[in-house]
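Engineer: can you look at this prediction? I've put the sequence above it.
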Amino acid sequence: MFSENKQSPTSWGRYPKVKSKQVVPLFWRSELPDLASFDGSVLPYGYGRSYGDSCLNDSGVTLDASRLTNFIAFDDQEGLLKCEAGVSLANVLELAVPRGWFLPVSPGTKFVSVGGAIANDVHGKNHHSAGTFGCHVTQFELLRSTGEHIICSPTQNPELFRATIGGLGLTGIIIWAEFRLKRIVNPYIDTVSVRFESLDEFFDLSAEFEPQYEYSVSWVDMLIGEPNTCRGKFSAGNNNQDPDLAKKPLKKSKLPLSIPFDLSPALTVNPLSLKAFNELYYHVQVQKRVEKTSSYEPFFYPLDSIHDWNRMYGSRGFFQYQFVIPFEDGRNGMRSIMRFIAKNDEGSFLNVLKEFGTRKSPGMLSFPRPGVNLAIDFANRGPRTLRFLDKLDRVVEDSGGAFYPAKDARMSSASFKKCYSEWDEFQKYIDPKFSSTFWRRVTGEEKSPVLV
Amino acid sequence: MKIAIIGASSAIAHEAAKCFARDHAEFVLVGRSEDKLSVVADDLKVWGAQRAEIYVQDVTDLEQHEELLAHTIETLGGLDLILIAHGTLGDQRKSELSVAETLKELNNNAISVISLLTLVANYFEDRKSGCIAVISSVAGDRGRKSNYVYGTAKATVSTFLQGLRNRLAKSGVSVVTIKPGTVATPMTAHMKQGLLFAQPKVVGECIYNGIKKHHDVIYAPGYWRYIMFVIKSIPESVFKKLSV
């Protein structure tokens, strides 16, 4: 979304704040501007759901692709959907679900563009079974600053295909994409939710449930300290197979809540409120194990019903910190990291823990890899937060961890190059006219942004 | 349902059309740009349109209107709804300085509409069925210094539709005047987008619902009815001094 004066794009973490030289809305795929004619570098922008600066281009030109929302074709035998890059995953679901199809992979919000889903090679609760979004893309059209429209697929321009998946919008702008949907019998999910009391129990549950369930994710409370390290709720799901449920009308989701103005993180996200929230959320499920069938919306998109939830962190925004560490050092590594976070008294409500699977993405800069993945929010409390995160980087890197660009606003150039060994190869495919604040930062072209 | 959309590349008309596409309507889409019409046609077909044919025509050429309507009716095998959505948002200042410019705006937004309405009204009246829906504007509710040329054209259309509604009521033909407020579309992209700018999707759904319920005048979104009530109530001696 854009800041109030519609001049500058924002990211979900609302940090850093940048100013765009120009915002160019794209309305028709048949009428696209000459990218070479713009003064400065360009970057495509969808709905701004990346947390950090990967979707931002300070002092550059923003190509607002959020109006490229047309569907082009749907093969309802093969499940192949072709649409413009600004179509949101919410739009896809609106079309697909009543026709018996679903997204092959979905992140935790459906307010993400198809272009953004490809550029960040998003992943979701079924990574261990289905891989990333990029694994299901069959082809797309890329517009480069030379004016060329290049069709990319695993067999046509395969290197550019691989560079663009997870390529953070730097190889050109995706105009349309085609991807394969997943057949469903009905829009309901058979869910099971298990309360666990320790990090070890999380790993045991993952081992037990992941082979049987397509979808899994856990929420964790890291404030309980040793010896258990964390406690939480393990959630797993499978698509329900009852054809009769297909006829049951989906309950229209209640009027979404909205946080209409910035809240103060001192009030909302402080040690007391966190402890209180954690106690409540952990205990609200009275039984240890609960099974139920629910519609897909609350299972996949619990936060989407609270519009602008990022306002909870106030106008200074927050940092989302997401990393994956390899299985080899999984248990011990995650234990050390969680201990470090708990000790420093920084924490968030929304901690997501999940094991990734082995399905490889075609993307050169793809983030998910086999291992254990954790995502946390930290309120932006100024230099102290940045210092803490730098120290946390060392602890994560000690366990061989990698960070997720779509969430990042401050990882160092050294960290980035270490996590993404193909970054040098990737550089060859960057369009010379395209750039982002993120890329200039992680390649060392520009210093890390000064704290606002 | 057999639907003709004049000015089918209009963002508002497209969104309304999507709602009808979900009901598996058949379309003829009329406009100046074949490329844009193809984009809209493909989208409507994915959303469920039984078919979506395109017809390239500049409707400011009044002499083509008879042929346009005949072709549309033949293609669809009849006609149930015509949605007239073409138009331009000219430069008020330019119009003030040029008679030719003013007349062009009036032709685009009023005369060409009236020509089509004259023909299609007779067609529907003969058959004693059908629905005529036209995208007018709240700008037609009161002349304001910032856009009175546009407002005049829309006021002309609104009054014409009122008369038509009165004439066709006993024939069972619906006449729907659609009055959107400010909408975030390519037409207004150059303007500062304020709080009152609605999304085309919301406006499109208003139009669809209003047509299904046989409303006479649709303000889209609905709150514009109340805003315009207030605007219209201000005495002229006061209003003439305002910068609204």
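Structural biologist: Okay, I see it.

Engineer: what about the strands in chain B?
Structural biologist: Counting by DSSP state E, chain B has strands at residues B:2-6, B:26-31, B:51-56, B:81-84, B:131-135, B:174-180, B:217-220.

Engineer: so can I have CSV of these showing mean pLDDT and distance to A:Gly317?
Structural biologist: Heads up, the C-betas are built off the backbone N, CA and C, glycines and all. As requested, these are exported to CSV (pLDDT from 0 to 100; distance: least, CB to CB, whole Å):
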stretch, mean pLDDT, distance to A:Gly317
strand B:2-6, 98, 44
strand B:26-31, 98, 43
strand B:51-56, 98, 44
strand B:81-84, 98, 44
strand B:131-135, 98, 41
strand B:174-180, 98, 35
strand B:217-220, 96, 35
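
Engineer: to A:Pro368, which of these lies closest?
Structural biologist: Of all the strands of chain B, strand B:51-56 sits nearest to A:Pro368, with 39.8 Å by CB to CB.

Engineer: for chain B, give me the ranges with low pLDDT.
Structural biologist: Nowhere does chain B drop to pLDDT under 70.

Engineer: tell me the residues of it that contact chain A?
Structural biologist: B:11, B:33, B:35-36, B:38-40, B:42-43, B:46-47, B:186, B:189, B:192-193 (CB under 8 Å from any CB of the partner chain).

Engineer: of those, buried ones?
Structural biologist: Neighbour-count burial (16 or more other CB atoms under 10 Å in any protein chain shown) is assigned, among those, to B:Ala11, B:Ser33, B:Lys36, B:Val39, B:Val40, B:Asp42, B:Asp43, B:Val46, B:Trp47, B:Pro186.

Engineer: now the stretch 201-350 of chain A against chain B: closest residue?
Structural biologist: Relative to chain B, the nearest point of the stretch 201-350 of chain A is A:Pro260 (12.2 Å; CB to the nearest CB).

Engineer: give me the most central residue, chain B.
Structural biologist: B:Ile135 (2.1 Å; CA atoms, centre = their mean).

Engineer: picking up where we left off before, may I ask which two of the residues of chain B next to chain A are separated the most?
Structural biologist: Taking CB to CB as the measure, the residues of chain B next to chain A span a maximum distance of 33.8 Å, between B:Val46 and B:Lys192.

Engineer: now the longest helix seen in chain B: buried residues?
Structural biologist: Counting residues, the longest helix in chain B under DSSP state H turns out to be helix B:148-168. Buried residues in helix B:148-168, counted by 16+ other CB under 10 Å: B:148-158, B:160-161, B:164-165, B:168.

Engineer: quick one on the thing from earlier: contacting residues for the residue nearest to the centre of chain B?
Structural biologist: B:Gly7, B:Ser10, B:Ile12, B:Ala13, B:Leu83, B:Ile84, B:Ala85, B:Gly87, B:Ile178, B:Pro180, B:Ile207 (CB atoms under 8 Å, 6 or more residues apart in numbering or on different chains).

Engineer: against B:Asn147, how distant is the last one?
Structural biologist: Applying CB to CB, to the nearest Å, the value for B:Ile207 to B:Asn147 is 21 Å.

Engineer: neighbour count for the two, which is higher?
Structural biologist: Neighbour count, other CB atoms under 10 Å in any protein chain shown: between B:Ile207 and B:Asn147, B:Ile207 has more, with 27 against 17.

Engineer: reformat the strands of chain B as CSV; add distance to A:Phe27.
Structural biologist: Below are those laid out as CSV (distance: least, CB to CB, whole Å):
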stretch, distance to A:Phe27
strand B:2-6, 18
strand B:26-31, 14
strand B:51-56, 18
strand B:81-84, 20
strand B:131-135, 18
strand B:174-180, 18
strand B:217-220, 20
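
Engineer: for A:Leu250, find the nearest of those strands.
Structural biologist: strand B:217-220 (26.3 Å).

Engineer: all helices for chain B, in order.
Structural biologist: B:11-22, B:34-47, B:65-76, B:92-97, B:99-106, B:112-127, B:148-168, B:200-212, B:224-233, B:236-239.

Engineer: now chain A
Structural biologist: Assigned by DSSP H, chain A shows helices spanning A:89-96, A:114-119, A:127-130, A:158-164, A:199-209, A:265-268, A:271-283, A:296-300, A:330-343, A:383-398, A:413-419, A:423-427, A:437-442.

Engineer: OK, contacts around A:Pro158?
Structural biologist: A:Cys152.

Engineer: right, I mislabeled it, should have said A:Gly172
Structural biologist: A:Gly172 makes contact with A:Leu142, A:Leu143, A:Arg144, A:Ser145, A:Ile150, A:Thr164, A:Asp431, A:Phe434, according to CB under 8 Å, 6+ apart.

Engineer: want to throw those into TSV with distance to A:Ser361?
Structural biologist: Formatted as TSV, those follow (distance: CB to CB, whole Å):
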residue	distance to A:Ser361
A:Leu142	18
A:Leu143	23
A:Arg144	23
A:Ser145	26
A:Ile150	20
A:Thr164	12
A:Asp431	21
A:Phe434	21
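
Engineer: so which of these comes closest to A:Arg29?
Structural biologist: A:Leu143 (9.2 Å).

Engineer: ok so, going back, okay if I get the contacts of A:Gly172 as CSV plus neighbour count and distance to A:Ile376?
Structural biologist: As requested, the contacts of A:Gly172 are exported to CSV (neighbours: other CB atoms under 10 Å in any protein chain shown; distance: CB to CB, whole Å):
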residue, neighbour count, distance to A:Ile376
A:Leu142, 25, 34
A:Leu143, 22, 36
A:Arg144, 18, 37
A:Ser145, 18, 37
A:Ile150, 17, 38
A:Thr164, 33, 29
A:Asp431, 22, 33
A:Phe434, 25, 30
